[in-house]
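> Got a predicted structure here, sequence first:
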Amino acid sequence: WMKNMRFPLDFIWIDSEKKIVEITQNVPICTVDNCPVYSASVPIRYVLEVPAGFVKRYGISEGDTVTISP
């Protein structure tokens, strides 16, 4: 739920092995009370929310691995 978010987003869904398992692009701004709920279709551990267009701009794909640093 991203009510009143000021810009559209891409969601990068990441599993426990830090592999990108799904990507949801261009999630629109929601201004109503009952916003859609977004979730991955497979088990995930993390979700990275970035500005819409980020995934395409940086060539991010399902199957890519991410590095999470402290």
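Great, that's in hand.

> ok, I44 touching F11?
No - counting by C-beta atoms under 8 Å, F11 is not a contact partner of I44; they are 9.9 Å apart. For glycine as for every other residue, the C-beta is placed from the backbone atoms N, C-alpha and C.

> Skipping adjacent residues, who's closest to P51 in space?
The spatially closest residue to P51, leaving aside those adjacent along the chain, is F7, at 5.9 Å (C-beta to C-beta, 6 or more residues apart in numbering).

> Pop out the phi and psi values for the spatially most central residue of the chain.
Centrality entry for the chain: nearest residue to the mean C-alpha point is F11, 0.9 Å, by C-alpha atoms, centre = their mean. Recorded main-chain torsions at F11 are phi -110, psi 130, according to degrees, to the nearest 10.

> Who is it paired with across the strands?
On the basis of DSSP bridges, F11 is bridged to T24, E49.

> And the helices in this protein, which stretches?
In order along the chain, the chain carries the following helices (DSSP state H): 54-58.

> can you pull out the strands in it?
Taking DSSP state E, the strands of the chain run over residues 9-14, 20-27, 46-51.

> Most tightly packed of those strands?
When those are scored by mean count of other C-beta atoms under 10 Å, the highest mean neighbour count falls to strand 9-14 (a mean of 22).

> tell me the mean pLDDT over that one?
Strand 9-14 shows a mean pLDDT of 97 in the predicted model.

> again with stretch 18-37
Stretch 18-37 carries an average pLDDT of 92.

> Just the CA trace of that stretch, in PDB.
These are the backbone C-alpha positions of stretch 18-37, laid out as PDB (Å, rounded to 0.1, in the frame of the first residue of the first chain):
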ATOM      1  CA  LYS A  18      19.800 -12.500  -2.300                       C
ATOM      2  CA  LYS A  19      18.600 -13.400  -5.700                       C
ATOM      3  CA  ILE A  20      16.100 -11.300  -7.500                       C
ATOM      4  CA  VAL A  21      13.100 -13.600  -8.000                       C
ATOM      5  CA  GLU A  22      10.500 -11.100  -9.300                       C
ATOM      6  CA  ILE A  23      10.200  -7.500 -10.500                       C
ATOM      7  CA  THR A  24       7.100  -5.300 -10.500                       C
ATOM      8  CA  GLN A  25       7.700  -2.100 -12.600                       C
ATOM      9  CA  ASN A  26       5.900   1.200 -12.800                       C
ATOM     10  CA  VAL A  27       3.600   0.800  -9.800                       C
ATOM     11  CA  PRO A  28       1.400   3.900 -10.100                       C
ATOM     12  CA  ILE A  29       0.700   6.600  -7.500                       C
ATOM     13  CA  CYS A  30      -2.400   5.800  -5.400                       C
ATOM     14  CA  THR A  31      -4.600   8.600  -4.000                       C
ATOM     15  CA  VAL A  32      -7.600   6.600  -2.900                       C
ATOM     16  CA  ASP A  33      -8.300   5.000   0.500                       C
ATOM     17  CA  ASN A  34      -8.300   1.500  -0.800                       C
ATOM     18  CA  CYS A  35      -4.900   1.200  -2.600                       C
ATOM     19  CA  PRO A  36      -4.000  -2.100  -4.300                       C
ATOM     20  CA  VAL A  37      -1.700  -4.400  -2.300                       C
END
